[in-house]
Every structure is written in structure tokens, then in C-alpha cells.
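Visitor: Curious how this folds, go ahead:
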Amino acid sequence: MRESYRDKRNRQARIAEERNEKREDRRKGQRRQEERREEDRRKGDRRKVDRRGRERDGFDRRIGERRNVSDRRFVERRDFEDRRKNEDDRRNEENGVNNEYEDIVAGRNAVMELLKSEKDINKIFVERGEKHGSINEIIAKAREAKVVLVEVDKSKLDYMAENNQGVVAVVPPFNYCEVEDILNLAKSKNEDPFILVLEGIEDPHNLGSIIRTAETAGVHGIIIPKRRNVAVNSTVVKVSTGATSYVKIARVNNINETIRRLKDEGLWVIGTDGESETLYYNQDLKGPLAIIIGSEGFGMSRLVKENSDILIKIPMKGKITSLNASVSAGIVIYEAVKQRMSNT
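Guide: Alright, predicted model coming up:
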């Protein structure tokens, strides 16, 4: 099957992120090596002459030449990395991007919801030229909120984000909350906790759609793992049409420990699994509830299934035996909403 454009873009983004993480690890290791060498030079630590009379100054003279070649290559590689970083910083500076504000929100609806939420915004970039439609409302709202507005060429906006609709906001990194904050929100509303737990959602479009559905359904919060799950990025914010400004999202190290904690707090943990015998509409979804949605390709992991109180499934009548993760989430979430509304 031919790879779709969106899947290709997601795969390229994941590869680029992994490459950047490896590059950063190498840089940290190189910096630590330099610091150790500098500390040794500063302390004047000199090894004693060995019994053969060869002086040891951090390395044996017999392998000194080889070490010098390695050091020279290391310096050349480090200089190359520094030049590339400086070039990236220069390009970002030309486009008005401050590295301290590494997240962006693109698209008219997403930026408008961001302005309405009154969250911190560093700058808003708008396309230079004649303005039409909702972009004028965004500009007026930004001026009212005293947010810096910058007019730039379309090419600079396209460099910052694709499909930007002529407007890009530069914001601080997404502010994740704690699981306790989600539980406290439900308590403050005198409502039974209604929480969504996501495991292994790698497509930012799926995550954005799930967040949008959760916000409209009144879900108190979403929990995602730090590993093997897409983070809240500019694509997620855009697809959610700004719902990320209103939904509490917690990012945890261990999803199974978090599930056990939710059970200790009195929540029923309901997992979605295609092999279950219980249909989702036959399961009681009222009361304190946490619904788990597994990854797009593999569903829930074995441990998460074992930690769930109950497993439910969505019936499949056609030849395709699985649903998109965001569609599955929407079906189950609104079944819970229907039962809760009828209960009141």
C-alpha cells in the first residue's frame, strides 16, 4: 500500500526527532569530556612515570598519536556541529523565533482560541498584505491583549509552520499539569471524575482530534505517557482547534502506576480491547471513570490490560477490523456522556 502524505510526514517528523535527541546526547557527552579534560589541566594532574620510564600524561605515549588523531576529529566534528547550530539560530532569529519559546500555534481558529484563553503568548506573526476575514478579529484581539504583532512575508510563515492560514503564534512550551490537578478539577465541580488515558498515540492528528472531542464532552483531563506517545505540539494544537487551551493534560513516567493510583482514588478503569466479550454500550460508564485508548496499530499493552478493571469493545461488522484511535475514543466517550446525562 502506498504511504499517505500524512503518514510520510509523521514518519519523517519522528525520524527527525530521534535524530535530534541522538545529536543532543552526543553533544552532552562531548561537553562532559571537555569539562573533564579542562579540569585535569587546571589541577595539573600528571601521572607518574611508569616503570619503563614512559611518561603518562593522561595517555600512554605509545598510543598518543592515535589519540591525537581522534581528538582532532572530535574537534572538527564539534566545530561542524557548532557552525550548524549557529546557522539554525541565525535563521530562527531572522524569522523572529526565540529559542526560549520553542512551541508554535498555527491556524486562525487555534490562535483565536489561544487568545481567548488568555495564556502567555510571546508574539503573533501575520502575513503581510491585505487582510480578510477572521484575521482582522485576531489582530484586534491581540492588540487588546497587548500581544506583540509582527507582519512577515508568507515564506517566513511557511518556514515556521505548514498550513498556517496566514497566522502563527509563538508561545512557551506546553504547560502539562499533574494528575492531582485533574482530580481536583472534578472535585471543584462536584462531579465524578471523567478521565481519558492514552497509551501509544503516535499520530499528532489523532491526539489533536481526541483532545477536541474530550473538551466538547466535558472530560476533566487527559493522561499521556512521556515515552512512545506524541507530545502536545503545534500540529496537535491546530487539529484540536485550540482545545488544548482548555483541557488539562498530564504527562506521566509510568502509565501503569498512574492507573493503580486512579483505582486507589476510587475510579473504575475501563480499557478498550477488540478481543473483549463486553460491548461498550452494555457496560455501565457512570460514576468515577477512566477510559483507556490504546495505540493506533497495537492497542493496549499487556500490563495495561491486566491493570484495567473491565475491558470493552466496539462491534465490527465490516471487513476492516479496527477503527482510527480518535474515532474509537469519540464513540466510547459519548456513550459515557449519554449514560451520565440520563443518570441526572
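
Visitor: C-terminal to the lowest-mean-pLDDT helix or strand in the chain, which secondary structure element comes first?
Guide: Every helix and strand of the chain was ranked by mean pLDDT, DSSP states H and E. The lowest is helix 64-94, at a mean of 56. Tracing the chain C-terminally past helix 64-94 and defining elements by DSSP states H and E, one meets strand 103-106 next.

Visitor: where exactly do the helices run in the stretch 201-344 of the chain?
Guide: 204-217, 234-239, 255-264, 302-307, 325-343 (DSSP state H, counting those that start in this stretch).

Visitor: Rounded mean pLDDT for the longest one, please.
Guide: Just to be clear, that refers to helix 325-343. The average pLDDT for helix 325-343 rounds to 91.

Visitor: ok, back up a step: most tightly surrounded among the helices of the stretch 201-344 of the chain?
Guide: Mean neighbour count, computed with mean count of other Cβ atoms under 10 Å, is highest for helix 234-239 among these, reaching a mean of 25. All C-beta spots, glycine's among them, are computed from the backbone N, C-alpha and C.

Visitor: ok, back up a step: could the helices of the stretch 201-344 of the chain be laid out in JSON lines, adding distance to residue 167?
Guide: Shown next, in JSON lines, are those (distance: least, Cβ to Cβ, whole Å):
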{"stretch": "helix 204-217", "distance to residue 167": "18"}
{"stretch": "helix 234-239", "distance to residue 167": "11"}
{"stretch": "helix 255-264", "distance to residue 167": "36"}
{"stretch": "helix 302-307", "distance to residue 167": "39"}
{"stretch": "helix 325-343", "distance to residue 167": "25"}
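
Visitor: if we compare those helices, which one ends up closest to residue 158?
Guide: Closest approach to residue 158 among these is made by helix 234-239 (13.3 Å; Cβ to Cβ).

Visitor: which other helices and strands contact the closest one?
Guide: Helix 234-239 makes packing contacts with strand 103-106, helix 108-117, helix 204-217 when contacts are defined by 3 or more Cβ pairs under 8 Å, 6 or more residues apart in numbering; DSSP states H and E.

Visitor: Neighbouring strands of the shortest one in the sheet, and parallel or not?
Guide: Pointing back at strand 103-106 there. strand 167-171 (antiparallel) (DSSP bridges).

Visitor: now the angle between helix 108-117 and the strand it pairs with, please.
Guide: If you take axes from the mean of the first three to the mean of the last three Cα atoms, to 10 degrees, strand 167-171 sits at 40 degrees to helix 108-117.

Visitor: Please tell me how far stretch 161-179 is from the chain's geometric centre.
Guide: Taking Cα atoms, centre = their mean, to the nearest Å, one finds the center of stretch 161-179 at 11 Å from the center of the full chain.

Visitor: go on, stretch 180-194?
Guide: 24 Å.

Visitor: coming back round to it: go through the helices and strands packed on helix 234-239 and name the closest to residue 23.
Guide: Per Cβ to Cβ, nearest to residue 23 of the helices and strands packed on helix 234-239: strand 103-106, 20.0 Å.

Visitor: what sits against the residue nearest the centre of the chain?
Guide: Centroid-nearest residue in the chain: residue 231, 1.1 Å away (criterion: Cα atoms, centre = their mean). With contacts taken as Cβ atoms under 8 Å, 6 or more residues apart in numbering, residue 231 has the following neighbours: 174, 224, 251.

Visitor: now it: how far from residue 180?
Guide: Distance, residue 231 to residue 180, by Cβ to Cβ, to the nearest Å: 20 Å.

Visitor: Same check on residue 150?
Guide: Residue 150 is 38 Å from residue 180, by Cβ to Cβ.

Visitor: Neighbour count for the two, which is higher?
Guide: residue 150 (14 against 11; other Cβ atoms under 10 Å).

Visitor: For that one, which three-state class applies?
Guide: strand (DSSP: H, G, I helix; E, B strand; the rest coil).

Visitor: Spatially nearest residue to it (excluding sequence neighbours)?
Guide: Sequence neighbours aside, residue 125 is the residue nearest to residue 150 in space, at 5.1 Å (criterion: Cβ to Cβ, 6 or more residues apart in numbering).

Visitor: contacting residues for the one you found?
Guide: Contacts for residue 125 (Cβ under 8 Å, 6+ apart) come out as 96, 150, 151, 152, 156, 157, 160, 167, 168, 169, 170.

Visitor: Using neighbour counts, give me the buried entries of these.
Guide: 96, 152, 156, 157, 160, 167, 168, 169, 170 (16 or more other Cβ atoms under 10 Å).

Visitor: Counting by contacts, list what the helix or strand hosting the third one packs against.
Guide: Following DSSP H and E, one finds residue 156 within helix 154-160. Under the contact definition 3+ Cβ pairs under 8 Å, 6+ apart, helix 154-160 sits against strand 123-127, strand 167-171.

Visitor: Nearest to residue 27, out of the ones you listed?
Guide: That would be strand 167-171 among those, by Cβ to Cβ, at 24.4 Å.

Visitor: what's the next secondary structure element after the closest one?
Guide: Next helix or strand after strand 167-171 toward the C-terminus (DSSP H and E): helix 179-188.
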